[in-house]
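Engineer: Provided below are the primary sequence and the corresponding predicted coordinates.
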Protein chains: 2
Amino acid sequence: MKNTHDHHICQSKALQHINEQCRKKNIRLTPIRQQVFDEILQSHKAIKAYDILQNMSTPGEMVKPPTVYRAIDFLLEHGFIHKIESLNAFIACYHEHNKDCFQLLICDECGTVSEQINNKISHEMKLLSEKENFTLQHPIIELHGTCFQCNTTGTKS
Amino acid sequence: MKNTHDHHICQSKALQHINEQCRKKNIRLTPIRQQVFDEILQSHKAIKAYDILQNMSTPGEMVKPPTVYRAIDFLLEHGFIHKIESLNAFIACYHEHNKDCFQLLICDECGTVSEQINNKISHEMKLLSEKENFTLQHPIIELHGTCFQCNTTGTKS
DNA sequence: TGATGTTATGTTATAATATAACATTTGTTT
DNA sequence: AAACAAATGTTATATTATAACATAACATCA
Ligand SMILES: [Zn+2]
Ligand SMILES: [Zn+2]
Ligand SMILES: [Zn+2]
Ligand SMILES: [Zn+2]
């Protein structure tokens, strides 16, 4: 169940991007924040706060919730990661976008999450908002279903 | 901060709809389920499970979480209410739609939630999914921002 | 430099949201 | 009535997230 692309390239690009941005915006990518970002970056699947917590903990030194949640808040605030509201989980952002509208395709079989930036959809969201005299600030689009891989290699008989 | 329409009409329509559907589908709208639905129906704002719990409890008889969550599950399953993932809260459905794509406009100022059924958006969601070979099962669209009322009567100087 | 303010982290406790597991009751079917 | 299925009651606990306050690290500049 291998992805069609080399995920290491995504990862190194994302790492490069976060480092650049932090330098540029003069915000601090501290060791804790890096560690948390690395954990989120390791997978195309969404990861949960308490899993990050687990991964960062050692028998001797247990990381505590606020440590992770604060780093998550930082990363969210600057758009380096996204929260998936319907899973209470997080993914790294592999695109470079501002506060734009993005769409998440979430496979409920394998957990893979794919981020899309579809301008047509962004536009339609704006149109709907305008029609309703609504000032759109933060669109959330989470599409649950089954990915191509899971559809074809399906374990369901 | 009055709504432009008579919300009582929405409510009685929704009540009529749920009763009809339960008869038609031969599913049971038990007293507990009705009570929970009524609580959710009382407001255009989203309501949280533990608020429903509170509202249904009396000093003598405290309702317990599973009671409410089970009723919520029933109501969700049959489409009488929707969950707002980004708020961990629930609203009654005032439309009559199947498993369609619907959009929620959520005002972060006043908490009002407005459900929209926009066919253009539904269509674009299908197109995106097809393009990505993704089998769309459950789209979640939650648009956060500021409603017309709050924009015009804004308390922000 | 070192006094001062700001940002980040450590620590403890607890709030808020949700479910597991099993017992009992109620409703339905035969 | 017996048997089964669906709904509710009950206890306990899992999961997700934040409040509040103490300490440490870093930045600014007198
Ligand atoms: Zn992104
Ligand atoms: Zn999949
Ligand atoms: Zn609806
Ligand atoms: Zn509003």
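Structural biologist: Perfect, thanks for sending it. Ligands and ions are numbered 1, 2, ... in the order given.
Engineer: going forward, measure contacts and count neighbours with C-alpha atoms only.
Structural biologist: Noted.
Engineer: Helix, strand, or coil at the residue nearest the centre of chain A?
Structural biologist: Nearest residue to the geometric centre of chain A (C-alpha atoms, centre = their mean): residue A:91, 2.3 Å. Going by DSSP: H, G, I helix; E, B strand; the rest coil, the secondary structure assigned to residue A:91 is strand.
Engineer: quick one: it and residue B:123, what's the gap?
Structural biologist: 26 Å (C-alpha to C-alpha, to the nearest Å).
Engineer: for chain A, longest helix please?
Structural biologist: helix A:7-25 (DSSP state H).
Engineer: contact partners of it?
Structural biologist: For helix A:7-25, contacts defined as C-alpha atoms under 8 Å, 6 or more residues apart in numbering or on different chains pick out A:28-29, A:41-42, A:80, A:92-95.
Engineer: Next, see if the lengthiest strand in chain A gets close to DNA strand D.
Structural biologist: Counting by DSSP state E, the longest strand found in chain A is strand A:135-146. No: Strand A:135-146 does not reach DNA strand D (C-alpha under 7 Å from any atom of the strand); its nearest approach is 14.6 Å.
Engineer: quick one: buried residues of that strand?
Structural biologist: Counting neighbours by 16 or more other C-alpha atoms under 10 Å in any protein chain shown, one finds that the buried residues in strand A:135-146 are A:135-137, A:139-146.
Engineer: just checking, what packs against it?
Structural biologist: strand A:103-107, helix A:119-131, strand B:135-146 (3 or more C-alpha pairs under 8 Å, 6 or more residues apart in numbering or on different chains; DSSP states H and E).
Engineer: what do you get if the cut-off is 6 Å, keeping everything else the same?
Structural biologist: Packing partners of strand A:135-146 (3 or more C-alpha pairs under 6 Å, 6 or more residues apart in numbering or on different chains; DSSP states H and E): strand A:103-107, strand B:135-146.
Engineer: For DNA strand C, find the nearest of those strands.
Structural biologist: strand B:135-146 (14.6 Å; C-alpha to the nearest atom of the strand).
Engineer: Which is the succeeding secondary structure element to that closest one?
Structural biologist: Using DSSP states H and E, the helix or strand that follows strand B:135-146 in sequence is helix B:148-152.
Engineer: List of residues touching that next one?
Structural biologist: A:133-134 (C-alpha atoms under 6 Å, 6 or more residues apart in numbering or on different chains).
Engineer: now that helix, how far from the centre of its chain.
Structural biologist: 22 Å (C-alpha atoms, centre = their mean, to the nearest Å).
Engineer: Export it to CSV, keeping only CA atoms.
Structural biologist: C-alpha atoms of helix B:148-152 as CSV (Å, rounded to 0.1, in the frame of the first residue of the first chain):
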residue,chain,number,x,y,z
PHE,B,148,-24.9,39.9,8.6
GLN,B,149,-26.6,40.8,11.9
CYS,B,150,-23.3,40.9,13.7
ASN,B,151,-21.5,42.7,11.0
THR,B,152,-24.1,45.5,11.0
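Engineer: In it, which residues are buried?
Structural biologist: B:149-151.
Engineer: what's the span of stretch A:49-67, first residue to last?
Structural biologist: Counting by C-alpha to C-alpha, you get 10 Å between the two ends of stretch A:49-67.
Engineer: can you give me the offset of it from its chain's centre?
Structural biologist: With C-alpha atoms, centre = their mean, you get 20 Å for stretch A:49-67.
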